[in-house]
Every structure is written in C-alpha cells, then in structure tokens.
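Peer 1: have a look at this prediction, sequence included:
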Amino acid sequence: MEKGYLNLVLHGHLPYVRHPEYDNFLEESWFYEAITETYIPLILVFEKLINDGVDFRMTMTLSPTLLSMFCDPLLQDRYLKHINKLIELAEKEVHRTQWQPEFRELAKMYLDFFTTARNTFLRYGKNLTVPFKDFQDRGKVEIITCGATHGFFPLMDVCQESIRAQVKVAASHYRNIFGRPPRGIWLPECGYNPGCDAILKEAGIKFFFLDAHGILHGSPRPKYGTFAPVYCPSGVAALGRDLESSKQVWSSIEGYPGDYLYREFYRDIGYDLDFDYIKPYILPDGVRVNTGIKYYRISGPTEEKQPYNRKMAMDKAADHAGNFLFNRHQQVEYLYDFLKQKPLIVSPYDAELYGHWWFEGPQWLDFLIRKIHFDQDTIRMITPSEYLAENPRNQVVTPSMSSWGYKGYCEVWLQGSNDWVYRHLHKASERMTELAKMHSRTNVNGLTRRALNQALRELLLAQSSDWAFIMGTGTHVPYAIKRTKEHLARFNHLYDSIRSNSVDDYWLSDIESKDNIFPEIDYKVHQ
C-alpha cells in the first residue's frame, strides 16, 4: 500500500567561467570535471533506467550559468580537448601499471570511463542540454531553474529590481532551451526573504525549495512540518528539506560518501606521480592539478590509503541504497500513521556530490531507483509538479527568512572576508534601475542598446553568490575577488559611457565576446 512520496532533488550549478582570452585557465576545469564526473554519469544512469523500463521521477536544477556553458561552442571544443588528453593519459597509465595488477585494472576502468564520456558527449552533438530536455519531455526528470547567475536573494532585498531581473532572465533563458516555461526554481543557496515569492509568481514560478527551518519557523506554524508543501501568501508553494534523509548522504561523519571502501577524492596522480611524466597533463606553468585518476580508497582517518576496489565499492553502494530505502520506509510508515496523510520526503543535494565528490554516487542513485521500482510499493517517487497536481489543497504559511549552509542564516555569504562587496553591488543595482527607467520609453537601438544589455550582464555576473562563497571558504580567493571587481568595473564604465553618450564600440565588442552570457537579454527587466 502506498503510504508516502519521495522527491529526490539534485541542484546542478556552476559559476559562469569562460576565458577566451587564455588558451588554458585553471577555473575552467571546474566545468570540465563536472561534465566528466557528474553530468555524463547521471545522463548514462537515466538512459539505462529508461531503456530497462524502470519508471522513476527526479527533480534537477540546471542553473542558467551551467546551461549557458553547456551550450557554448568554445567550452564544448575545450572540453573535447580536455577529455582527449585524459584518454591519452589513461592509455599511458594502462601501460605504466602493467606490473601492478591492482592499479592496472583501475587504469583500464578510467580509460573506459573517459572514453565513454567522450563518446556520450559527441553522441549529443557536444550539447548536454539535449539529453536533459529529452528526460524532461519523457516525464522522468523535472528540470527547474535558478537565479540567473545564482545571486543571493536575501542580501539583494534592498534592490528588488535585481531579484526580479535574476528571476525573469532565468525564466526566459529556460524557455529558450527547453521550449516551455519553468514550473519551479531553486532559490540560490536556498536563500529566502518573505515577499520574494511574489516576484517568483510574476515570472510564472509555481514552487521553490527551502531548508527545513525556513518552513518550520514559518507563520503560522506548519501543521505537517516539512512533510507537505505550504503555500506562501502569493500562492507559490514552498517545499522544505527533510533533515533525516539529507544527513544520511550529506554528513561527512555519518553519511554514506565517507565509507572507507569508497574512492578517496584527495589522492590523485596529478600530485602523486613524477613531475616529468605528469607534466603534459597538468597546467602549462607546471602547477599540479587533479586529473581525475585516483587509485586509492578512503581506507580510514589516517594518511595511509589502500588501493581502490571497484567491486567492493559497488557492493557497498548497493548496501547503502538498501539502507536508505529501509530508513525511508520506517520514516514513511511512522509519519503516515502520525499525520493521517501521505508524507512527502524532500531530499535535495548538490548534483556534484554525485560522481565528482562521491565517485559512486550515480551508481548509488541507480541502485536506489531500481529498488524503489522493483522491491516495494510503499513509497512513490514524485516531482513537485505532480504532487501539487494530486494534492492542490495545502496550508498557507509565510516562511521565515533563511538559507542553507553554515548556521542557516546567510553567514557564509556575509562575513568579514566578503561583506565589502554588497555596498558596491547595491549601488550598481540602483544605477542599473536608473538606466533601465531612463531608456524604458524610447526605442533604443544600436550601440546604446548593446551597452545597456551588456551593463545588465555585468551586474548579474557580479551578483553571483559563488564569489562571496569562495571568499568565505578561502579557496581560489584571488579569482573570486578579481571576478567581482572586474564585472563591477565594467558595469561602472558602461554606466558612465551610456550617461555621457560616449560608448566605445571596440571596447564594448571585446567585453561582449568575453561575457557573452544570455544573448537574448533585455535590460528593461531591471525596473
């Protein structure tokens, strides 16, 4: 007997990193690694499930910046060059490890892994939006959008025109790619301020996700906690993260990805092997980087690591999938009896956990979905749109201001290392609104219109929460500061040029070629 629902959500996002002015750029590798280790493995899992007749439902964010990089010809060609180099390295590793059987089998695994990634990439014409559109059109994966550049809404609330632009640009971009308007949105960093749901409604958004305390601290208190959606006063539905199922996967101490049989992320041949051997496959200036070839398992809390055993890791992934389903059964049985209605378990995770950080994650997901389909009938996988269509009556609650991340109230994005950015972002937002209103009633064309649209692009790119996050966590800080300052400087130059009617066509063309995101953008949305 069906007693509850499970909504698995993967939040797929990367900041917009594209540097045509350089032949090689370290931070572009974030995107290439994500394609190889997360998005193509997920595509292959979904394809196999469909081919095997396994019915399933998933929800995935594909943020506008990530989608834009998927579609970019320059990055597509650079990824192909990247994966070809990894295939070449894996072939050399198969030869180098011929007298080390425990490593040679792994080298062969990586050669097959990289070759399959390249073949899949080419099979879809180098554009990975194609398979995800197909999965959605088949009714298996509901794709939702995000803020245009992952701007953090609670810290933009003094300039609501910017929140509106983040949402409207994202919705328009989604429609251009998927041929339909987005029904749901992932609020960047789950950041919510009461009232921003009204902006979502303007854009036709039907639902969004919050961390648990955003729902539980709502007013009035939600009768069913996080186990049913609530409607905001605007009529947009909010779904709360389930803490129990999240902890089983997220926790570095208790979660599945920390099991000692799983692959160790931090041991990579890019750092382990002789410099002269590995030099062609790291950065041209000799800086060592991850190659993706990792031969060791986590093994334990010490520096000593044992060779990775793929079969043992897959057996453990199957065990963990069974354990996750068992726990959801117990949870649903208890809640069904207690609530007197079918609970909705919402389990959201960063997509890159699956494959990139947790190498076995996509296979765990495959095992879990098959067990849900074949081995039980208590829990049904569902998307938010399906749930709301089946259960249209829900309590009206005003969720509380909240985010996910450390302490749950914006501290990651507002602290001593990054608080300086907001005065500049807010001033730039005010200036963008000024420009948009100044040119809203006239038919602006040519150079001025291009400059206005580029000004909005630069503002959106500066607003990315990724830069403040990186500054707060202390990794790649110079790059995050550089990106923030560059986009603000370009915006301010454009503002002054537009105001004085002195836009430089050559300079503008150069900036348009570098920051070419959202080609159909319309500056008038920022008012």
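Peer 2: Arrived safely, thanks for sending.

Peer 1: using PDB, write out every CA atom in stretch 359-367.
Peer 2: The C-alpha trace of stretch 359-367 is given here as PDB (Å, rounded to 0.1, in the frame of the first residue of the first chain):
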ATOM      1  CA  PHE A 359      32.500   8.800  -7.200                       C
ATOM      2  CA  GLU A 360      30.000   6.000  -6.500                       C
ATOM      3  CA  GLY A 361      27.100   8.400  -6.200                       C
ATOM      4  CA  PRO A 362      25.500   7.900  -9.600                       C
ATOM      5  CA  GLN A 363      25.600   4.100  -9.100                       C
ATOM      6  CA  TRP A 364      24.000   4.500  -5.600                       C
ATOM      7  CA  LEU A 365      21.300   6.500  -7.200                       C
ATOM      8  CA  ASP A 366      20.800   3.800  -9.900                       C
ATOM      9  CA  PHE A 367      20.600   1.100  -7.200                       C
END
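
Peer 1: which strands and helices sit next to the helix or strand hosting Ile372?
Peer 2: Using DSSP states H and E, Ile372 sits in helix 361-374. Secondary structure elements in contact with helix 361-374, counted by 3 or more CB pairs under 8 Å, 6 or more residues apart in numbering; DSSP states H and E, are helix 40-51, helix 310-339, strand 379-381. Every residue, glycine included, has its C-beta placed from N, CA and C.

Peer 1: what residues does the shortest one touch?
Peer 2: Spelled out, that is strand 379-381. Contact with strand 379-381 is made by 2-8, 56-58, 325, 328-329, 332, 345, 369, 372, as judged by CB atoms under 8 Å, 6 or more residues apart in numbering.

Peer 1: from those residues, list the buried ones, please.
Peer 2: By neighbour count, with 16 or more other CB atoms under 10 Å, the contacts of strand 379-381 hold 3-8, 56-58, 325, 328, 332, 345, 369, 372 as buried.

Peer 1: taking the residues you listed together, which two end up most distant?
Peer 2: Between any two of the buried ones among the contacts of strand 379-381, the greatest separation by CB to CB is 20.7 Å, found for Lys3 and Met58.

Peer 1: that older thread, in CSV: the helices and strands packed on helix 361-374, plus mean pLDDT.
Peer 2: Formatted as CSV, the helices and strands packed on helix 361-374 follow (pLDDT from 0 to 100):
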stretch, mean pLDDT
helix 40-51, 98
helix 310-339, 97
strand 379-381, 98
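
Peer 1: Tyr406 is nearest to which of the ones you listed?
Peer 2: Tyr406 sits nearest to helix 310-339 of all the helices and strands packed on helix 361-374, at 25.1 Å, using CB to CB.

Peer 1: list the buried residues of the closest one.
Peer 2: Buried residues in helix 310-339, defined by neighbour count with 16+ other CB under 10 Å: 313, 316-318, 320-321, 324-325, 328, 331-332, 335-336.

Peer 1: and if you look at stretch 213-228?
Peer 2: Buried, per 16+ other CB under 10 Å, within stretch 213-228: 213-216, 218, 222, 224-228.

Peer 1: got the angle for the helix holding Ile372 vs helix 310-339?
Peer 2: 50 degrees (axes from the mean of the first three to the mean of the last three CA atoms, to 10 degrees).

Peer 1: got the contact list for helix 361-374?
Peer 2: 6, 8, 38, 41-42, 44-45, 48-49, 54-56, 256-257, 314, 317-318, 320-322, 324-325, 353-355, 358, 379, 381.
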